[in-house]
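Student: Below is the structure, and that's it, no one-letter string:
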């Protein structure tokens, strides 16, 4: 099964989980790059506002075509219990019909289940085969890796 890990990461937390997944499955990786500046305190505040208002954004070209893959892992940070606008944009601009999609969300404390549920509602025509909500706050790297590896094991052949 050919797998692609697509993610957006503002601070590096979601990227870290995406790289663990890709490493375990020997999957291709595609990072979503938001053309809007989301850095710094002002970027953080605007990002949260845009997530709550369910806005989309403009993305750099992806570099991988999701249609070429059987299984797509889709990762987002959680902002105010919502997925990032870049991930919302990806879902709305790519046809995932007939694909298997596994969702993963990273957050400091809570809101992951809600963000994954919101993404699941956005995905049309694809089979959502699972989700993982990872609370990153005060989690040791080896504990995080064990949690991700255990979740990914169901797709290893």
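Tutor: Good, I have the coordinates. Just so it is clear, the model here is predicted, and its values are computed rather than measured.
Student: in what helix or strand does residue 49 lie?
Tutor: helix 40-52 (DSSP states H and E).
Student: correction: residue 29
Tutor: Using DSSP H and E, residue 29 falls in strand 28-31.
Student: Summarise which helices and strands that strand is packed against.
Tutor: The contact analysis (3 or more Cβ pairs under 8 Å, 6 or more residues apart in numbering; DSSP states H and E) places strand 28-31 against strand 3-7, helix 13-25. (C-beta placed from N, C-alpha, C; glycine too.)
Student: So for the most centrally placed residue in the chain, what's the nearest residue that isn't a sequence neighbour?
Tutor: When Cα atoms, centre = their mean is applied to the chain, the residue found nearest the centroid is residue 75 (1.0 Å). Spatial nearest neighbour of residue 75, excluding adjacent residues (Cβ to Cβ, 6 or more residues apart in numbering): residue 7 at 3.5 Å.
Student: which of the residues in stretch 139-157 are buried?
Tutor: 144-145, 147-148, 151-152, 155 (16 or more other Cβ atoms under 10 Å).
Student: how about residue 88, phi and psi?
Tutor: phi -60, psi -40 (degrees, to the nearest 10).
Student: ok, now residue 70?
Tutor: Dihedral angles (degrees, to the nearest 10) for residue 70: phi -90, psi -40.
Student: Could I get the average pLDDT for the helix or strand hosting residue 134?
Tutor: In the assignment (DSSP H and E), residue 134 maps to strand 127-135. Strand 127-135 shows a mean pLDDT of 93.
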